[in-house]
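generate a structure from the sequence data that follows.
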Amino acid sequence: MISPINFTGIKNIGYARILGNNENNLPQTRVIMNMELTDDSQNKDLTNFRQILKKYPFMKNEVNDKYINVEYDLTRVDDFLYSRVLLNGHLVKPEGEGGNLVNFARNLVNRVKNFKINDFKLDKNHHLSEEAQVGLVYNDNIDNYIDGTSGELDLLSKTGLIEKFDLFLNDESIELSKKDEEKVFKALDEVVATLHEPVYVKQNSNYLDALLKTYYPIDRGS
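Below is the predicted model:
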């Protein structure tokens with residue numbers, strides 16, 4: 001007997017952890033979750049997000065306005081770690097109205113963390129869509145993190161694959177046959193598909209959930 005799938009209202013979830021340096025050349029880790037919001041019988045996530053956008057229209061996701069992109073950045077300066085949260089590419093501070101936005105995102109990520117595998121809904125070939133290719137790392141091409149151009153996917157770190165992708169994609173002296181070129185692009189697609197695999201997303205959602213729980217004003221509780 002096949003168990004029924006319990007659709008949760010959140011779908012097409014992707015996760016990425018990126019290692020690199022920020023614009024000031026300081027070591028930075030970016031932890032990202034991208035998801036499509038819908039309404040279901042228990043949660044009105046899309047409706048609630050639409051209400052948020054009425055008040056904060058600049059928060060609209062430019063790739064697809066049904067999506068919310070949650071990014072937690074950690075930057076190291078000497079012996080200190082500084083954190084910030086971005087929602088759809090916009091910095092959100094943990095106090096005042098920003099705190100309400102962070103709570104909205106925190107609730108979504110926490111629910112994903114508590115999903116069972118059959119709670120995940122992933123559209124067929126979603127990894128080939130613009131929402132995955134350009135929307136996972138908000139408004140940036142995921143290939144730039146597969147070949148190391150803008151940073152490195154933690155998924156590929158120390159595997160040697162980033163260097164290979166960089167060679168095949170960026171070295172002008174390398175001439176690939178059409179067949180080999182197809183293999184390279186197929187491998188790129190497989191990496192993006194892995195970033196959206198329910199098991200991978202669930203395993204790593206714990207980390208983002210834990211980070212968001214620490215994002216509070218420094219004077220909290222005083």
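
can we go C-alpha only for contacts and neighbour counts from here?
OK.

where do the helices of this structure begin and end?
With DSSP state H as the criterion, the chain has helices at 45-55, 96-113, 130-133, 143-146, 161-170, 178-194, 198-213.

how much space separates the closest residue in space to residue 90 that isn't next to it in sequence from residue 50?
Excluding its sequence neighbours, the residue lying closest to residue 90 (CA to CA, 6 or more residues apart in numbering) is residue 59, at 6.8 Å. Residue 59 sits 10 Å away from residue 50, taking CA to CA, to the nearest Å as the criterion.

of these two, who's got more company?
residue 59 (19 against 16; other CA atoms under 10 Å).

quick one: contacts for that one?
By CA atoms under 8 Å, 6 or more residues apart in numbering, residue 59 lies in contact with 53, 87-90.

which ones are touching residue 49?
Counting by CA under 8 Å, 6+ apart, residue 49 has no contacts.

distance of it from residue 88?
12 Å.

then residue 115?
Counting by CA to CA, the gap from residue 115 to residue 88 is 23 Å.

before we move on, what about residue 121?
Using CA to CA, residue 121 is found at 21 Å from residue 88.

more crowded one of the two?
residue 88 (24 against 17).

the more buried one touches residue 63, doesn't it?
No - using CA atoms under 8 Å, residue 88 is not in contact with residue 63, being 9.3 Å away.

shaky segments in this protein?
1-8, 218-222 (pLDDT under 70).

recalculate using a threshold of 80.
1-8, 41, 217-222 (pLDDT under 80).

for residue 164, which non-adjacent residue is closest in space?
Distances taken as CA to CA, 6+ apart place residue 147 nearest to residue 164, at 7.7 Å, with adjacent residues excluded.

separation between the one you found and residue 134?
Taken as CA to CA, the span from residue 147 to residue 134 is 15 Å.

which one's more surrounded, these two?
residue 147 (23 against 16).

so can I have TSV of the helices of the chain showing distance to residue 35?
TSV is the format used below for these (distance: least, CA to CA, whole Å):
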stretch	distance to residue 35
helix 45-55	11
helix 96-113	9
helix 130-133	9
helix 143-146	19
helix 161-170	25
helix 178-194	14
helix 198-213	11
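
deepest-packed of those, please.
Sort the helices of the chain by mean neighbour count, taking mean count of other CA atoms under 10 Å, and helix 143-146 sits at the top with a mean of 22.

which strands or helices does it pack on?
Applying 3 or more CA pairs under 8 Å, 6 or more residues apart in numbering; DSSP states H and E, we find helix 143-146 packed against strand 152-153, helix 178-194.

in JSON lines: those, plus distance to residue 125.
As requested, the helices and strands packed on helix 143-146 are exported to JSON lines (distance: least, CA to CA, whole Å):
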{"stretch": "strand 152-153", "distance to residue 125": "21"}
{"stretch": "helix 178-194", "distance to residue 125": "8"}
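
need the contact partners of stretch 146-156.
Contacts for stretch 146-156 (CA under 8 Å, 6+ apart): 16-21, 144-145, 162-166, 169, 188, 191.

can you tell me how far residue 182 is from residue 142?
Taken as CA to CA, the span from residue 182 to residue 142 is 18 Å.
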